[in-house]
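Q: the amino acid sequence is not available; the structure is as follows:
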């Protein structure tokens, strides 16, 4: 084959590649969610909806989480953070029901799995969101550490923690779900084999000594006040001279 024919072949291949329609990015949709904070459950007010204004307490921070507004709107990735400071026993958990490319592949073709070993205070569950006890277990604080094995089916995932805080301790619990993984440590996954997309769900519990730091710190305000007082006295002294 001549070099001219080779160049013609490469040109035709490039034209075909440009003309071929690009496949849209897989649609990841959040269909349902729920949180349990020390026995109080917060659920999606309606199907496919974000929290109502004022629905969640201030110590559940969802500013880094992308809630979907409705079916087909995408979203459902990011981080939800719980902050607890009260001495004693606590239980927190989060539940998410995602669909991947449902318009193309339906919602019963997905697989769920657990990876690694959970922490001693950690619980989890993977199950069908509508035909199982996963939501009841979220409400009761009894996630059953089972995927039974799971799939292909409609997949929902939940993670929880039980722990105790001593006096002057603060716990931060992060629930993180994204499509960039796999992460290290223990995590859950949800995979659509047709779209070749996997969601990764993990959680981190961090406990530190000391209460929450007020904003701005009292010590800083006191220092600024003393500095202002000294500056004022110095100005008056110079004025008198």
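A: It's in. What you are looking at is a predicted structure, and each value in this text was computed from that prediction instead of being measured.
Q: so where is the chain shaky, pLDDT-wise?
A: The chain contains residues with pLDDT under 70 at 1-24, 211-241.
Q: the helices in it, which residues?
A: 3-19, 102-105, 134-140, 218-240 (DSSP state H).
Q: list the contacts of the third one.
A: Identification of contacts with helix 134-140 by Cβ atoms under 8 Å, 6 or more residues apart in numbering yields 34, 36, 41, 43, 93, 95, 125-129, 143-144, 156, 158, 160. To be clear about C-beta, it is placed using only N, CA and C from the backbone, and glycine gets the same treatment.
Q: name the residues of that helix that are buried.
A: Residues of helix 134-140 classed as buried: 134-135, 137-139 (neighbour count, 16 or more other Cβ atoms under 10 Å).
Q: burial of residue 209, as a residue count?
A: Other residues lying near residue 209 total 9 when counted by other Cβ atoms under 10 Å.
Q: same question, residue 73
A: 15.
Q: try residue 25
A: When neighbours are counted by other Cβ under 10 Å, residue 25 registers 10.
Q: hmm, residue 33 and residue 98 touching each other?
A: No. Using Cβ atoms under 8 Å as the test, residue 98 is too far from residue 33 to be in contact (9.4 Å).
Q: what residues are shared contacts of these two?
A: Joint contacts of residue 98 and residue 33 (Cβ under 8 Å, 6+ apart) are residue 76.
Q: between these two, which has more neighbouring residues?
A: Using other Cβ under 10 Å as the criterion, residue 98 and residue 33 rank with residue 98 on top: 27 against 24.
Q: residues contacting that one?
A: 28-31, 76, 155-156, 177, 190, 199.
Q: the residue lying closest to residue 182 once chain neighbours are set aside: neighbouring residues, count only.
A: Leaving aside its sequence neighbours, residue 182 sits nearest to residue 200 (Cβ to Cβ, 6 or more residues apart in numbering; 5.7 Å). Neighbour count of residue 200, defined by other Cβ under 10 Å: 20.
Q: look up how far residue 43 lies from residue 200.
A: Going from residue 200 to residue 43 by Cβ to Cβ, to the nearest Å gives 23 Å.
Q: just residue 84 next, same as before
A: Separation of residue 84 from residue 43 (Cβ to Cβ) stands at 20 Å.
Q: looking at the two, which one has more neighbours?
A: Between residue 84 and residue 43, counted using other Cβ under 10 Å, the more crowded position is residue 84 (20 against 16).
Q: for the buried residues of helix 134-140, give me JSON lines that also has distance to residue 105.
A: Shown next, in JSON lines, are the buried residues of helix 134-140 (distance: Cβ to Cβ, whole Å):
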{"residue": "134", "distance to residue 105": "22"}
{"residue": "135", "distance to residue 105": "24"}
{"residue": "137", "distance to residue 105": "27"}
{"residue": "138", "distance to residue 105": "26"}
{"residue": "139", "distance to residue 105": "30"}
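Q: between the residues you listed, which is nearest residue 207?
A: residue 138 (22.6 Å; Cβ to Cβ).
Q: now the closest one: closest residue in space that isn't a chain neighbour?
A: Distances taken as Cβ to Cβ, 6+ apart put residue 95 closest to residue 138, at 4.7 Å, once the chain neighbours are dropped.
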